[in-house]
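[1] how does the following fold in three dimensions:
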Amino acid sequence: MTRRTDLYEVHRALGASFTEFAGWEMPVRYESETAEHNAVRTTAGLFDLSHMGEIEITGPGAAAALDFALVGRPSRIGQGKARYTMICDEDGGILDDLVVYRLTDEEFLVVANAGNVDTVADELERRSHGFDVAVENASDHWCLIAVQGPNAYAIMAECSSVDTGDLKYYSIVEATVSGHDVLVARTGYTGEDGFEVYCTPNDAVAVWNSMAACGHRYHLRPAGLACRDTLRLEAGMPLYGHELDKTTSPFDAGLGRIVAFDKDGGFVGEMALAVKADNPSTHVLVGLSTSGRRAPRHGYAVSDRSSGRSVGWVTSGAPSPTLGHPIAMAYVEREYAGIGEKVVVDIRGSSEDALIVPMPFYKRGAKRGASNRTKE
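    Residues are numbered from 1 along each chain as shown. Modelled structure (predicted):
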């Protein structure tokens, strides 16, 4: 059965269009996904992310258990801080990418993608055996609301008790929004400054409405999943099921830096990942830029311009509202991965020239529209 978040009726009242995503009926857009995208880049957007999964890891052995279960080193996360990491299988394949928050010395909050939360919770439970720790899939206890964009700082300063000046990037703090107890993290998935607010399901509507009311004079707009995808694509952020899956490792995705090999007791997948670290994969994740009107999409073939031989595949692609032309991420053979290399993408039977460009495609503070484009 498709699930709905506790904000579903709020979205309906706002005129949202819905889509099924990872077993949830989620708002994909309200009026215009381009307008919502541009609002996040220029003012602020408000997102319902309550489909995400939250797993609580508590006890004296919590840090050690997570060090064993994940590729990173959560034991070195300071209290009130967060870190991006992954959970891999024994063969080094990615089961999910995660954000881990350390709330207290013995209490961690692991945030997983909606489609993988049961897998992650089950694996963390299995991998915690022998450690003095409790693992609970607490996803039903939390709702998640995010405000992202240049005006997010001012909105949170007005609607919450957070000292936004003291809350650094990838930090989390207990706070209130209109008198409701919440956790506020300075994290996001858009390439902009922003905050993610964890609250109870009973408080979700009140928290959303309070943030929306405070944001009105800052030109805040509700934003759906469609613009969230183009925002994260411009920011070069991988999406599970596209750039990441069980057939890829952190090294394949250019994220080998998050793997810690020198942990006491090792970790699940360590041997396989050590081999992958020493033996680079045949394909590399790159950015593509095209100048046509049609965008490369997931699964489209990438080929050599001269021979037509397939040299890779597109993982994500879309027209970029910020840059004004299509962009994509793709895995291509190493010899074609250099910045400035020219390849061809098969877009529904037609060949479209593409240029390998640096990622991220967009950086906060960069001039809008400034990007490499395909040139003959």
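
[2] name the nearest residue to residue 341, sequence neighbours excluded.
    The shortest distance from residue 341 to any non-neighbouring residue, by Cβ to Cβ, 6 or more residues apart in numbering, is to residue 356 (4.3 Å). Every C-beta, even on glycine, is put in place using the N, C-alpha and C of the backbone.

[3] helix or strand: which one has that neighbour?
    Here residue 356, judged by DSSP states H and E, is contained in strand 350-357.

[4] give me the helices and strands touching that strand, please.
    Other helices and strands packing on strand 350-357, by 3 or more Cβ pairs under 8 Å, 6 or more residues apart in numbering; DSSP states H and E, are strand 283-289, strand 326-333, strand 342-347.

[5] hey, which of those strands is tucked in deepest?
    Neighbour counts (mean count of other Cβ atoms under 10 Å) averaged over each of those peak at strand 326-333, with a mean of 25.

[6] could you list the paired strands of it along with their orientation?
    The strands beside strand 326-333 in its sheet (DSSP bridges) come out as strand 283-289 (antiparallel), strand 310-319 (antiparallel).

[7] how about those strands, which one is nearest residue 120?
    Closest approach to residue 120 among the strands paired with strand 326-333 is made by strand 310-319 (21.3 Å; Cβ to Cβ).

[8] what's that closest one in contact with?
    With contacts defined as Cβ atoms under 8 Å, 6 or more residues apart in numbering, strand 310-319 is touched by 229-230, 233, 239, 242-243, 283, 285, 288, 293, 295-304, 325-333, 336, 343, 345.

[9] thinking again about what came up before, now the strands paired with strand 326-333 in a markdown table, with mean pLDDT?
    What follows is these, written out as a markdown table (pLDDT from 0 to 100):
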| stretch | mean pLDDT |
| --- | --- |
| strand 283-289 | 97 |
| strand 310-319 | 98 |
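
[10] closest one to residue 78 among these?
    Proximity to residue 78 (Cβ to Cβ) singles out strand 283-289 among the strands paired with strand 326-333, at 30.0 Å.

[11] helices or strands up against whichever helix or strand comes after the closest one?
    Sequence-wise, the next helix or strand downstream of strand 283-289 (DSSP H and E) is strand 301-303. Counting contacts by 3+ Cβ pairs under 8 Å, 6+ apart, strand 301-303 packs against strand 310-319, strand 342-347.

[12] quick check: angle from the last one to strand 326-333?
    By that I understand strand 342-347. 110 degrees (axes from the mean of the first three to the mean of the last three Cα atoms, to 10 degrees).

[13] run me through the strand neighbours of strand 342-347, direction for each.
    Strand pairing for strand 342-347, using DSSP bridges, gives strand 301-303 (antiparallel), strand 350-357 (antiparallel).

[14] and the shortest one, how far out from the chain's middle?
    Centroid displacement of strand 301-303 relative to its chain, using Cα atoms, centre = their mean, to the nearest Å, is 26 Å.

[15] same question for stretch 108-123, mean pLDDT?
    The average pLDDT for stretch 108-123 rounds to 98.

[16] over to stretch 351-369?
    Across stretch 351-369, pLDDT averages out at 87.

[17] send the alpha carbons of that stretch over as PDB?
    What follows is stretch 351-369, C-alpha atoms only, in PDB (Å, rounded to 0.1, in the frame of the first residue of the first chain):
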ATOM      1  CA  SER A 351      22.900  11.300 -31.700                       C
ATOM      2  CA  GLU A 352      23.500  14.400 -29.500                       C
ATOM      3  CA  ASP A 353      27.100  15.700 -29.000                       C
ATOM      4  CA  ALA A 354      28.100  16.000 -25.300                       C
ATOM      5  CA  LEU A 355      31.100  17.400 -23.500                       C
ATOM      6  CA  ILE A 356      32.700  16.000 -20.400                       C
ATOM      7  CA  VAL A 357      32.600  18.900 -17.800                       C
ATOM      8  CA  PRO A 358      33.600  19.300 -14.200                       C
ATOM      9  CA  MET A 359      31.200  18.600 -11.400                       C
ATOM     10  CA  PRO A 360      29.400  20.100  -9.600                       C
ATOM     11  CA  PHE A 361      27.700  21.800 -12.500                       C
ATOM     12  CA  TYR A 362      26.600  24.600 -10.100                       C
ATOM     13  CA  LYS A 363      28.200  26.100  -7.000                       C
ATOM     14  CA  ARG A 364      26.600  28.400  -4.600                       C
ATOM     15  CA  GLY A 365      27.700  32.000  -5.400                       C
ATOM     16  CA  ALA A 366      28.600  31.200  -9.000                       C
ATOM     17  CA  LYS A 367      27.300  33.300 -11.800                       C
ATOM     18  CA  ARG A 368      24.000  32.000 -13.100                       C
ATOM     19  CA  GLY A 369      24.300  30.500 -16.500                       C
END
